[in-house]
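K.L.:
Show me how the following folds:
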Amino acid sequence: MSEQLAGPLSGVRVLDLSRIVAAPFATMALGELGADVLKVERSGGGDDSRTWGPPFVHGESAYYLAVNRNKRSLCLDLSLRSDQDVVRRLATEWADVLVENYRAGSLDRWNLGLDSLRAANPRLVTATLTGYPPGDTRPGYDFIAQADTGVMSLIGAPDGPPHKVGYPVSDMSAGMFLLSGVLAALYQRERTGRGQHLSVSIWEAQVAVQVNVNQNYLMTRTRPRRLGNAHPQVAPYEMIRVADGFISVAVANERQFGNLMGAIGRPDLTADPRFSTNAGRVAHRADLIAAIESATGALSAAEALALLGRHDIACARVRTIDEVLTSPEARQAGTVVSVEHPTIGEMPVVRLPWRFSAATSAPRTPPPLLGEHGDVVGEILTGQRAPDQISAP
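P.N.:
Numbers count the residues shown, from 1 in each chain. Okay, the predicted model is just below:
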């Protein structure tokens, strides 16, 4: 590359008053897009996720490391007026965006009400992440959200107990909506010259991404039920048994179904009234899967995948996370990259998936040590450095 491209948010300054997972993921992503992110942490302990382990590496929690790169860390005690004044000055003189997820009323109690900050800095975009919609002050945690939004009612065997998704899906949904909302508010500010307030709740974010499940119920008033790995509206679109385990198979249209039947030597089934339409295949799913598995059951996973691949059928075996992160796809995409951490050394991280033709997006700095950048901010607040002279990390 002949020139060093900047991130699309280069020059945007973010004051990050958030903790745990969802909102810190959003601010990390803003940093990955080029923004300068200053994270304010609680004196004496910092972000709660710093204690979420094992694993710990050189005293650093892997959970904290996952969602806090591309940031600086400043430790403050917001119960102290002097530290409140630090945040107020950063919000009104330096920041373009302020992100927070404190319990309702906390910032007002600390003389940091968001309305007053925007009054002093009309271009400021403020963003709040909550657990529940406005008026409901219960705290928000991913595990609780997965139960309370119906996710767990959808996951698991039909006759088994409910299960959670194996990663913080509700937090990630909320973090992505928070990120996109901040970007939209910044875009509107470019046209109007004024910032605004944005709020996102984990509960609403999780409900919003349950797209087809929600609409199925709204149109039929029939309660969705657990189907294991089967798709409620498409068949075959599930795990198929092979001689040494299972593979996943997804057939989304009639051409693909014909290809699948040809692959297993049963083209006659395309004319079977039970299977000639997707609706029929969903209704007679058990018979269909039995017919498919009568052919695949004698094949190894490798043999079945090769056979279906030759017939243009979407299929895969179930990989483990270590296999994914060391896979040919991960190597080709550059999924795992490294940043240099002050105590860990070379630290591998998973880059976020944006690719721009005229900008760059990449992990830039490691997750900060607790309070690592207090001196830089101190120079600003004591007049040794103007507020607009915090350079990008």
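
K.L.:
The closest residue to residue 122 other than its chain neighbours: neighbour count?
P.N.:
Of all residues not flanking residue 122 in the chain, residue 194 sits nearest, at 5.3 Å (Cβ to Cβ, 6 or more residues apart in numbering). C-betas here are computed from N, CA, C, even on glycine. A total of 13 residues lie near residue 194 under the criterion other Cβ atoms under 10 Å.

K.L.:
For residue 194, pull up the helix or strand it's in.
P.N.:
Using DSSP states H and E, residue 194 sits in no helix or strand.

K.L.:
neighbours of residue 133, just the number please.
P.N.:
Count around residue 133 with other Cβ under 10 Å applied: 13.

K.L.:
Kindly confirm whether my reading is correct that it touches residue 201.
P.N.:
Yes: between residue 133 and residue 201 there is a contact under Cβ atoms under 8 Å: 5.0 Å.

K.L.:
where's the residue nearest to residue 122 relative to residue 119, distance?
P.N.:
Residue 194 sits 11 Å away from residue 119, taking Cβ to Cβ, to the nearest Å as the criterion.

K.L.:
what's the answer for residue 242, then?
P.N.:
For residue 242, the distance to residue 119 - Cβ to Cβ - is 64 Å.

K.L.:
Now do the strands in the stretch 51-200 of the chain.
P.N.:
Counting by DSSP state E, counting those that start in this stretch, one finds strands in the stretch 51-200 of the chain at the ranges 56-57, 60-61, 71-76, 97-100, 125-130, 197-201.

K.L.:
Pipe those into a markdown table and attach mean pLDDT and distance to residue 156 per row.
P.N.:
Below are these laid out as a markdown table (pLDDT from 0 to 100; distance: least, Cβ to Cβ, whole Å):
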| stretch | mean pLDDT | distance to residue 156 |
| --- | --- | --- |
| strand 56-57 | 96 | 32 |
| strand 60-61 | 96 | 29 |
| strand 71-76 | 96 | 37 |
| strand 97-100 | 98 | 35 |
| strand 125-130 | 98 | 28 |
| strand 197-201 | 98 | 26 |
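
K.L.:
Of the ones you listed, which is nearest residue 294?
P.N.:
For the strands of the stretch 51-200 of the chain, distance to residue 294 was read as Cβ to Cβ. The smallest value, 48.3 Å, belongs to strand 197-201.

K.L.:
ok, and what's touching stretch 240-255?
P.N.:
229, 234-239, 257, 260, 278, 289, 292-293, 296-301, 303-305, 308, 313-318 (Cβ atoms under 8 Å, 6 or more residues apart in numbering).

K.L.:
With neighbour numbers in mind, choose between residue 242 and residue 119.
P.N.:
residue 242 (21 against 11).

K.L.:
now the strands for the stretch 251-393 of the chain?
P.N.:
314-317, 336-341, 345-350.

K.L.:
And those strands: which comes nearest residue 12?
P.N.:
strand 336-341 (20.5 Å).

K.L.:
and that closest one, C-alpha only, in PDB?
P.N.:
Below are the C-alpha coordinates for strand 336-341, written out as PDB (Å, rounded to 0.1, in the frame of the first residue of the first chain):
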ATOM      1  CA  VAL A 336      -6.300 -13.200  14.100                       C
ATOM      2  CA  VAL A 337      -3.800 -10.300  14.400                       C
ATOM      3  CA  SER A 338      -1.500  -9.200  17.200                       C
ATOM      4  CA  VAL A 339      -1.100  -6.100  19.300                       C
ATOM      5  CA  GLU A 340       1.800  -5.500  21.700                       C
ATOM      6  CA  HIS A 341       0.700  -5.500  25.300                       C
END
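
K.L.:
May I ask you to confirm that residue 249 belongs to a helix?
P.N.:
No: counting by DSSP: H, G, I helix; E, B strand; the rest coil, residue 249 is not found in a helix; it is strand.

K.L.:
burial measure for it, as a count.
P.N.:
Neighbours around residue 249, by other Cβ under 10 Å: 22.

K.L.:
try residue 353
P.N.:
Taking other Cβ under 10 Å as the criterion, the count of residues near residue 353 is 8.

K.L.:
check contacts around the closest residue to residue 204 other than its chain neighbours.
P.N.:
Excluding its sequence neighbours, the residue lying closest to residue 204 (Cβ to Cβ, 6+ apart) is residue 133, at 5.7 Å. Contacts for residue 133 (Cβ under 8 Å, 6+ apart) come out as 201, 203, 204.
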